[in-house]
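Asker: have a look at this fold, sequence not included:
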């Protein structure tokens, strides 16, 4: 259930859900507060470029899925729902393919929505992976490569070192080389509505410039850490040059909606392929997020 609080000119919607990119050690203890982005990724390996049958360029709503760790939860994991076993993930991807879906990136979606640039054959869907867990490279990448699919990596630059299951720089470069799009949740996955203006700029703007310089990619999309954002955070994301942002609000992304509040569908451990297809279908009718924030 949602409730809206207007305070200091900024609207914040409180959702009883786990946040965008909540780390496996903290997601079960935090409640997501949300107010509820062109350069294209490399061409995909399979499928001719085309717009979905019967659709006009730019007119198609597109679901965005959210994943975290692609592995079975270890004993005592504080929030096992963040873990999707590798076999389960592979089965979900095969089910998506069998149902006619084809994974694309947010840059490709943006080029389609804004300019009518054709997407690969099939129903477009975006796969996002939060935080930068190494299992996204070791487990998810091989599965998607076999399908000729790519994804979006929402990496954080600190707080998840390789020694704690984070991606190495070599792994990130390999993902980029494989056609994955590199985006970010900021430097440290901080609660952006709780930091001062200087820290907010550091987390949002410096993160983008650092990734651009380190990996030579545009980094056009931001992912709000734990789903926490308000109008001031959105203004900083805009100022940093991002094309848009993803949230934890369920639903499909639609052309014409605010690109700084794109909805996503959380995929939890234990979700069967059939349940995932049902989840995607049911979310299509979800109402769009509100268009007013109460502030700049």
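Answerer: Good, I have the coordinates. What you are looking at is a predicted structure, and each value in this text was computed from that prediction instead of being measured. Numbering: from 1, shown residues only.

Asker: going forward, measure contacts between C-alpha atoms and count neighbours the same way
Answerer: Fine.

Asker: so residue 171 versus residue 228, what's the distance?
Answerer: Distance of residue 171 to residue 228, computed by C-alpha to C-alpha, to the nearest Å: 28 Å.

Asker: and the two? Which one has more around it.
Answerer: More neighbours surround residue 228 than the other of residue 171 and residue 228, with 27 against 15 (other C-alpha atoms under 10 Å).

Asker: wouldn't that one be in contact with residue 194 here?
Answerer: No. Using C-alpha atoms under 8 Å, residue 228 makes no contact with residue 194, being 9.0 Å away.

Asker: common neighbours of those two, please.
Answerer: Counting by C-alpha atoms under 8 Å, 6 or more residues apart in numbering, no residue touches both residue 228 and residue 194.

Asker: what pLDDT, on average, does stretch 130-150 get?
Answerer: Mean pLDDT, stretch 130-150: 97.

Asker: where do the strands sit along the stretch 101-250 of the chain?
Answerer: 101-104, 119-120, 123-131, 152-156, 181-186, 221-223, 244-246 (DSSP state E, counting those that start in this stretch).

Asker: who wins for proximity to residue 64 among the ones you listed?
Answerer: Residue 64 lies closest to strand 123-131 among those, at 4.6 Å (C-alpha to C-alpha).

Asker: and that closest one with strand 181-186, angle?
Answerer: For strand 123-131 against strand 181-186, the angle by axes from the mean of the first three to the mean of the last three C-alpha atoms, to 10 degrees is 40 degrees.

Asker: note down every partner strand of strand 123-131 and its orientation.
Answerer: Paired neighbours of strand 123-131 in the sheet (DSSP bridges): strand 62-67 (parallel), strand 101-104 (parallel), strand 152-156 (parallel).

Asker: centre of the chain to the first one, how far?
Answerer: Okay, so that is strand 62-67. Centroid displacement of strand 62-67 relative to its chain, using C-alpha atoms, centre = their mean, to the nearest Å, is 7 Å.

Asker: buried stuff in that strand?
Answerer: Using 16 or more other C-alpha atoms under 10 Å as the test for burial, strand 62-67 gives 62-67.

Asker: tell me the helix or strand right after that strand.
Answerer: Downstream of strand 62-67, the first helix or strand assigned by DSSP states H and E is helix 86-98.

Asker: so what touches that following helix?
Answerer: Here helix 86-98 has contacts from 70-72, 102, 139-140, 143-144, 270-274, 276-277, using C-alpha under 8 Å, 6+ apart.

Asker: if I look at the residue positioned nearest the centre of the chain, how far off is residue 201?
Answerer: Centroid-nearest residue in the chain, with C-alpha atoms, centre = their mean: residue 128, separated by 4.0 Å. Using C-alpha to C-alpha, one gets 24 Å for the distance from residue 128 to residue 201.

Asker: check residue 146 too.
Answerer: 39 Å.

Asker: which one's more surrounded, these two?
Answerer: More crowded of residue 146 and residue 201, by other C-alpha under 10 Å: residue 201, with 19 against 10.

Asker: ok, and the closest non-adjacent residue to the more buried one?
Answerer: residue 236 (6.6 Å; C-alpha to C-alpha, 6 or more residues apart in numbering).

Asker: any idea how far the one you found is from residue 259?
Answerer: Counting by C-alpha to C-alpha, the gap from residue 236 to residue 259 is 14 Å.

Asker: span of stretch 219-230 from start to end?
Answerer: Its start and end residues considered, stretch 219-230 measures 21 Å (C-alpha to C-alpha).

Asker: off-centre distance for it?
Answerer: 9 Å.

Asker: same check, this time on stretch 196-214
Answerer: When distances are taken as C-alpha atoms, centre = their mean, stretch 196-214 is centred 18 Å away from the chain's centroid.

Asker: low-confidence stretches in the stretch 151-296 of the chain?
Answerer: The stretch 151-296 of the chain contains residues with pLDDT under 70 at 161, 163, 288-296.

Asker: one more time with 80, if that's ok
Answerer: The model of the stretch 151-296 of the chain has pLDDT under 80 over residues 161-164, 286-296.

Asker: just the helices from it, written as ranges.
Answerer: 169-177, 197-201, 207-215, 231-239, 273-283 (DSSP state H, counting those that start in this stretch).

Asker: mind putting those in TSV, distance to residue 109 included?
Answerer: As requested, the helices of the stretch 151-296 of the chain are exported to TSV (distance: least, C-alpha to C-alpha, whole Å):
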stretch	distance to residue 109
helix 169-177	18
helix 197-201	27
helix 207-215	20
helix 231-239	18
helix 273-283	17
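
Asker: before I go, just wanted to say thanks for your time.
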